[in-house]
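Colleague: After the sequence you'll find the predicted model.
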There are 2 protein chains.
Amino acid sequence: MSLDDRKLEVLRAIVEDYVSTQEPVGSKALVERHQLGVSPATVRNDMAVLEEEGYIRQPHTSAGRVPTDAGYRLFVDRLSRVKPLSPAERRAIERFLVGAVDLDDVVHRTVRLLAQLTRQVAVVQYPSLARSSVRHLELVPISTTRLMLVMIADTGRVEQRLVELPGPTHTDDVLDMRRKINTKLSGEKLSDTPPLVAALVDESDPEKRTTMACVASVLLETLVERSEERLALAGTANLTRGGVLDFQGSLRPVLEALEEEVILLKLIGEVEPSTTRVRIGDENEIDNLRAASVVSTGYGPGTTIVGGLGVLGPTRMDYPGTIATVRAVARYVGDLLAQN
Amino acid sequence: MSLDDRKLEVLRAIVEDYVSTQEPVGSKALVERHQLGVSPATVRNDMAVLEEEGYIRQPHTSAGRVPTDAGYRLFVDRLSRVKPLSPAERRAIERFLVGAVDLDDVVHRTVRLLAQLTRQVAVVQYPSLARSSVRHLELVPISTTRLMLVMIADTGRVEQRLVELPGPTHTDDVLDMRRKINTKLSGEKLSDTPPLVAALVDESDPEKRTTMACVASVLLETLVERSEERLALAGTANLTRGGVLDFQGSLRPVLEALEEEVILLKLIGEVEPSTTRVRIGDENEIDNLRAASVVSTGYGPGTTIVGGLGVLGPTRMDYPGTIATVRAVARYVGDLLAQN
DNA sequence: ACTGGCACTCGACTTTGAGGAGTGCCAGGG
DNA sequence: CCCTGGCACTCCTCAAAGTCGAGTGCCAGT
């Protein structure tokens, strides 16, 4: 059975009212607040159908209706009009992001901005190393048997690791290694580097091979294996808006999930180009977040994607507004990265 | 009026019972659970005095007594015996901290460990730049008009900033600057560097002065002005233990405070050598944390202090245990840093 | 100085009842 | 055939009232 236009209109009205009032919405209130052009009784019939189809439900008999996860899904997919950002919001974004001095700064400003605009929990992934290229590798002698390896990626990320050398090594040899490494690796995608690093060891003089092997192993760890994805989080206090009503009474599971980087990365990290992804309630694979919704998207200079960002909130959220904000922020951040 | 020994014993019993049960404790329950050697009526008289002195209070008539902030303070200062760590805890600390590969790793492991052991919110400050010395400064050419400045501190912290040069600059000149800067600044406390940086500009060749000034300004920002203190936070989910009872019904203000780095730094950053600081409820200057207690201490290699760490929880917390854990973790982290 | 006894207070919990929002269904009308 | 007004019904919310019991303060007695 398919739903006719009016039923969809009723669903939209229910979602919009419920999102803004946080109270189950009844047929009478619905016709008063929206120009549906029919009587409450008719709306009731439509509601009965919508309930049968699983889009809305009653918390208890003789209460109004509340959208189900499926209802929100339908709303997002077919009923929500794109809500353009207000000029004030655009200005807020620009004001917030100009003046960022480095990548850390950009990420921190972004995550706070997102949290503030959406009034929800915001998550921003640092540009993924897996999607970056090597811009420069530096070997800094700390002592005769210790180096600091610094990797600068084209996305602005900088990673450093300590290298313990097998024995005292002369500065000239370090410089030599540094030159060779850079010649070989500069400009390469991080994911393409392992064979090149192996080649570096093979090609080096026999007497310097152990030293080079040492550096190479740390290099590999830094470039690929560790593949450390970093995150920034902000706005957890927003979880407490709407009392204990959202999130079925306990913030616990949500806060727990937010502490797991792995989980957050799953949420915002899996990005397809230029798509905004919305996960509603049960659609989240993580049990702890079955009462939450996540809106996420990728960002990066131009059309490429180097990382993900998004927000998390109650299923009862303003989807059109949130989606618009997340998209806009992602675009601004992308532009910002493109400038470097 | 001074309190005799038994009254203090009663106070201790009240604190201990309330901390473990989270319920107001009455005179009868008290004599049953502790060997006070007197009758409930006597205890009641003692309680009346303790209440008059402001150490305990009744949530309402005909309820048991609850410690006040002043009561906890007295308990911490005079009544709590040091609780030695269990072997299991010692082992947990060691297991958690060995295998940390760099400073980031150490800090993250520490903060998680602390949150887990105390079952509270943990905060760890990265080694403060203000207390660090320069180990090495590196200038990495990114393009002919851009450098990346990398500062490596003796505490393991690494800061980087982009430098926009006034015009194309030859690599040799960069190397020259790099050498001069290192000669001048290596080993110096960051706080002592500003005049040295100024001298660097003064001493440089006239035609290279603008370039050097450029680098110097970023250098100063990195070394001193920005003076960016970093933090790691973990265990916010622990705030939800004990229901909504702790924190007078709303986590909101606490979560808000935890989002402000400045506030957290105030809490754990002001450290005197080898002291563990306990701030109880109202003693916190931040309004949002008037229902919380903070236990903090400094850490660093040997007896020096390079940063702070601590935990935050409800005033109703296990002070002896928490204090012991915080101290132990700080000592272990200090030892770990000393090894590098 | 401590104890047992006793009257008293007051929150927690239960019961009862009125009120009302909202529904489902049905018969009638365009 | 779809919409509408009417009506009986459900069941939540809220307030009032009452019981229960933990815990207290005080006092007289040892």
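Modeller: Nice, I can see it.

Colleague: what's the burial count for residue A:116?
Modeller: Residue A:116 has 16 neighbouring residues, counting by other CB atoms under 10 Å in any protein chain shown. Backbone N, C-alpha and C define where each C-beta goes, glycine included.

Colleague: and it, what helix or strand is that in?
Modeller: helix A:103-118 (DSSP states H and E).

Colleague: Give me the distance from that helix to the chain's centre.
Modeller: Relative to the centre of its chain, helix A:103-118 is centred 12 Å away, using CA atoms, centre = their mean, to the nearest Å.

Colleague: Enumerate the residues of the stretch 51-200 of chain A near DNA strand D.
Modeller: A:60, A:61, A:62, A:63 (CB under 7 Å from any atom of the strand).

Colleague: Counting by contacts, list what the helix holding residue A:116 packs against.
Modeller: helix A:87-97, strand A:121-125, strand A:231-234, strand A:307-314, helix A:319-339 (3 or more CB pairs under 8 Å, 6 or more residues apart in numbering or on different chains; DSSP states H and E).

Colleague: mind checking which of the ones you listed is nearest chain B?
Modeller: Smallest distance to chain B across these (CB to the nearest CB): 6.4 Å, for strand A:231-234.

Colleague: next structured bit after the closest one?
Modeller: helix A:252-259.

Colleague: What angle do strand A:121-125 and that next one make with each other?
Modeller: 20 degrees (axes from the mean of the first three to the mean of the last three CA atoms, to 10 degrees).

Colleague: is the helix or strand that helix A:252-259 is followed by up against chain B anywhere?
Modeller: Heading C-terminal from helix A:252-259, the first helix or strand you meet, by DSSP H and E, is helix A:261-269. No: against chain B, helix A:261-269 shows no contacts by CB under 8 Å from any CB of the partner chain, the least distance being 9.4 Å.

Colleague: tell me the angle the helix holding residue A:116 makes with strand A:121-125.
Modeller: 150 degrees.

Colleague: between helix A:103-118 and helix B:261-269, how many degrees?
Modeller: 120 degrees.

Colleague: For helix A:103-118, could you pull out the residues that count as buried?
Modeller: Buried residues in helix A:103-118, counted by 16 or more other CB atoms under 10 Å in any protein chain shown: A:103-104, A:106-107, A:109-118.

Colleague: Is it possible to get a markdown table of those residues that adds pLDDT?
Modeller: Output for these, formatted as a markdown table (pLDDT from 0 to 100):
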| residue | pLDDT |
| --- | --- |
| A:103 | 88 |
| A:104 | 87 |
| A:106 | 92 |
| A:107 | 95 |
| A:109 | 94 |
| A:110 | 96 |
| A:111 | 97 |
| A:112 | 96 |
| A:113 | 96 |
| A:114 | 97 |
| A:115 | 97 |
| A:116 | 96 |
| A:117 | 96 |
| A:118 | 97 |
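
Colleague: residues touching residue A:259, list them.
Modeller: B:234, B:235, B:236, B:237 (CB atoms under 8 Å, 6 or more residues apart in numbering or on different chains).

Colleague: wouldn't the last one be in contact with residue A:255 here?
Modeller: Put plainly, it is residue B:237. Yes: counting by CB atoms under 8 Å, residue A:255 is a contact partner of residue B:237 at 3.8 Å.

Colleague: Find the closest residue to DNA strand D in the stretch 151-300 of chain A.
Modeller: Nearest residue of the stretch 151-300 of chain A to DNA strand D: residue A:245, at 11.0 Å (CB to the nearest atom of the strand).

Colleague: Quick check on the closest residue to that residue other than its chain neighbours: phi, psi?
Modeller: In space, and not counting its chain neighbours, residue A:245 is closest to residue A:22: 6.5 Å by CB to CB, 6 or more residues apart in numbering or on different chains. Backbone torsions of residue A:22, given as degrees, to the nearest 10, read phi 70, psi 20.

Colleague: State the distance from residue A:22 to residue A:11.
Modeller: 17 Å (CB to CB, to the nearest Å).

Colleague: go on, residue A:40?
Modeller: 16 Å.

Colleague: residue contacts, the closest residue to DNA strand C within the stretch 1-150 of chain A?
Modeller: Here the residue of the stretch 1-150 of chain A nearest DNA strand C is residue A:26; by CB to the nearest atom of the strand that distance is 2.7 Å. Neighbour list for residue A:26: A:63, A:64, A:65 [criterion: CB under 8 Å, 6+ apart].

Colleague: And residue A:221, by the same measure?
Modeller: Residue A:221 touches residue A:161, counting by CB under 8 Å, 6+ apart.

Colleague: any chance you could map the helices in the stretch 1-150 of chain A?
Modeller: A:5-21, A:27-33, A:40-52, A:69-74, A:87-97, A:103-118 (DSSP state H, counting those that start in this stretch).

Colleague: Please tell me I have it right and residue A:314 contacts residue A:240.
Modeller: No: counting by CB under 8 Å, residue A:314 stays clear of residue A:240, with 11.1 Å between them.

Colleague: Compare neighbour counts for those two and give me the winner.
Modeller: Remark: of residue A:314 and residue A:240, residue A:314 carries more neighbours, 21 against 18, as counted by other CB under 10 Å.
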